[in-house]
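Peer 1: I would like the atomic coordinates for the input below:
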Amino acid sequence: MTHPARLETLADLRVEIDCIDSELHQLLIKRGEIIHRLIEAKARQGGGLEGRSAFRPGREADMMRALVSRHSGLLPLDTVESIWRIIISTFTYVQSAYAVHADVSGGDARMRDCCRFHFGFTVPYQPHADADAVTEAVLRSSGDLGLVPVAAGPASSGWWRRLKDSRAPKIIARLPFVERPDHPAGTPLFVVAHPLAEAAVRDVIIYDVSLGGAAIPPQVRLEQIEADIIAAAEGPQASLLVSAPGAVSRAELADAFAVSEAAVVEIGGHAARCKAAEARRDPAPFAVAQ
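Peer 2: Predicted coordinates:
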């Protein structure tokens with residue numbers, strides 16, 4: 001005689017959920033233990049993080065793209081991405097404490113929401129009146145990050161010119177790492193930090209281009225090298241914030257402006273932009289970084 005399979009009760013399901021929650025917590029604890037060993041290993045090798053940022057934008061971009069590509073089920077992607085961003089940023093903070101300085105000239109609420117989505121609540125948030133103040137704060141810090149909107153205002157201050165000096169902070173990332181139309185923290189942001197020698201990402205290079213005159217020449221041929229003018233600063237000498245693929249040389253970029261006086265200075269770089277639809281079409285597994 002056979003008996004019908006016993007139906008799961010609410011109590012059964014809640015026990016299973018409790019077990020999963022406990023396992024998740026234990027895995028976070030284990031992750032923390034590994035981070036502690038990582039800190040010790042770097043100290044033994046003479047690569048301690050004191051006074052330097054532990055931020056690894058290339059690794060984080062790969063992690064977020066892998067997360068988007070494999071996600072499925074009822075839990076919204078926004079929630080999953082936010083959880084992982086907080087985990088990553090908080091463990092980065094544990095390795096080497098840092099603050100995030102934000103340009104709130106376009107509104108504090110929007111920038112605060114973006115900062116909390118990408119960096120959580122443990123990392124200190126420090127608002128500033130404009131991008132110039134952000135870059136100055138990062139310059140004076142030992143390992144802080146700055147957030148500046150990619151879209152500059154109509155009368156841009158040309159804040160990026162402050163990054164031209166070899167000792168100045170540089171653009172090291174663009175957020176969000178995976179773009180989508182309904183992203184809850186979708187405001188495009190540049191991340192500014194002290195230069196990351198071994199961790200720099202050069203899929204896209206950001207330049208300051210200073211021209212001999214006050215206007216952009218009409219014969220500019222940027223589309224041929226897939227470069228873009230992101231922002232422009234007015235003045236006796238036009239200063240442009242320009243992005244170009246990493247394979248494009250400074251000489252090629254200067255030639256595209258067809259102006260002999262064009263001065264091209266690299267001021268940073270970031271991972272290639274990725275849209276959620278692209279990540280899902282190419283579900284490449286995340287390779288653990290060395």
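Peer 1: Just say helix, strand or coil for residue 97.
Peer 2: The three-state label given to residue 97 by DSSP: H, G, I helix; E, B strand; the rest coil is coil.
Peer 1: Look up the closest residue to it, ignoring the ones flanking it.
Peer 2: In space, and not counting its chain neighbours, residue 97 is closest to residue 143: 7.7 Å by CB to CB, 6 or more residues apart in numbering. Where C-beta positions appear, they are placed from N, C-alpha and C, glycine not excepted.
Peer 1: How many residues are close by that neighbour?
Peer 2: By other CB atoms under 10 Å, the residues close to residue 143 number 20.
Peer 1: What segments of this protein are strands?
Peer 2: In order along the chain, the chain carries the following strands (DSSP state E): 100-103, 125-128, 145-149, 170-175, 178-179, 189-193, 204-210, 228-233, 239-245, 263-270, 274-275.
Peer 1: Which of those comes out lowest on mean pLDDT?
Peer 2: Mean pLDDT per stretch puts strand 274-275 lowest among the strands of the chain, at a mean of 84.
Peer 1: for the stretch 51-200 of the chain, which spans come out with low pLDDT?
Peer 2: In the predicted model, the stretch 51-200 of the chain carries pLDDT under 70 at residues 51-53, 153-156, 198-199.
Peer 1: please redo it, this time with the cut-off set to 80
Peer 2: Regions of the stretch 51-200 of the chain meeting the criterion pLDDT under 80 cover residues 51-54, 152-157, 197-200.
Peer 1: For residue 16, see how far away the residue nearest to residue 97 is.
Peer 2: When distance is defined by CB to CB, to the nearest Å, residue 143 is 42 Å away from residue 16.
Peer 1: now swap in residue 145 and tell me
Peer 2: Computed as CB to CB, the residue 145 to residue 16 distance reads 40 Å.
Peer 1: Please apply the same query to residue 104.
Peer 2: Distance, residue 104 to residue 16, by CB to CB: 45 Å.
Peer 1: Next: residue 272.
Peer 2: Taken as CB to CB, the span from residue 272 to residue 16 is 40 Å.
Peer 1: got the contact list for residue 180?
Peer 2: If you count contacts by CB atoms under 8 Å, 6 or more residues apart in numbering, residue 180 has them with 77, 186, 275-277.
Peer 1: May I ask which of those has the most neighbours?
Peer 2: residue 276 (20 neighbours).
Peer 1: contacting residues around the nearest residue to residue 248 once chain neighbours are set aside?
Peer 2: Excluding its sequence neighbours, the residue lying closest to residue 248 (CB to CB, 6+ apart) is residue 225, at 4.9 Å. Contact partners of residue 225, counting by CB under 8 Å, 6+ apart, are 244-245, 248, 252-253, 256.
Peer 1: Buried only: go through these for me.
Peer 2: The neighbour count (16 or more other CB atoms under 10 Å) marks 244, 248, 253, 256 as buried among the contacts of residue 225.
Peer 1: mind listing what residue 205 touches?
Peer 2: By CB under 8 Å, 6+ apart, residue 205 lies in contact with 243-246, 248, 266, 268-269.
Peer 1: In contact with the closest residue to it other than its chain neighbours, which residues?
Peer 2: Beyond its immediate neighbours in the sequence, the residue positioned closest to residue 205 (CB to CB, 6+ apart) is residue 269, lying 4.6 Å away. For residue 269, the contacting residues are 170-172, 200-206, 246, by CB under 8 Å, 6+ apart.
Peer 1: Out of these, which end up buried?
Peer 2: Buried among the contacts of residue 269 (16+ other CB under 10 Å): 170-172, 201, 203-206.
Peer 1: Nearest to residue 93 among those?
Peer 2: residue 172 (16.3 Å; CB to CB).
Peer 1: what bridges to the closest residue to the closest one other than its chain neighbours?
Peer 2: Distances taken as CB to CB, 6+ apart put residue 193 closest to residue 172, at 4.9 Å, once the chain neighbours are dropped. Listed beta-bridge partners, residue 193: residue 170 (assigned using DSSP bridges).
Peer 1: Now do the closest residue to residue 108 other than its chain neighbours: how many residues are near it, please.
Peer 2: Take residue 108 and drop its neighbours on the chain: the residue closest to it by CB to CB, 6+ apart is residue 127, 5.6 Å away. When counting by other CB under 10 Å, one arrives at 17 neighbours for residue 127.
Peer 1: Which residue ranges of the stretch 51-200 of the chain form helices?
Peer 2: 57-70, 77-95, 108-119, 131-140 (DSSP state H, counting those that start in this stretch).
Peer 1: can you put the ones you listed in JSON lines and add distance to residue 237?
Peer 2: Formatted as JSON lines, the entries for the helices of the stretch 51-200 of the chain read as follows, by distance: least, CB to CB, whole Å:
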{"stretch": "helix 57-70", "distance to residue 237": "31"}
{"stretch": "helix 77-95", "distance to residue 237": "38"}
{"stretch": "helix 108-119", "distance to residue 237": "30"}
{"stretch": "helix 131-140", "distance to residue 237": "18"}
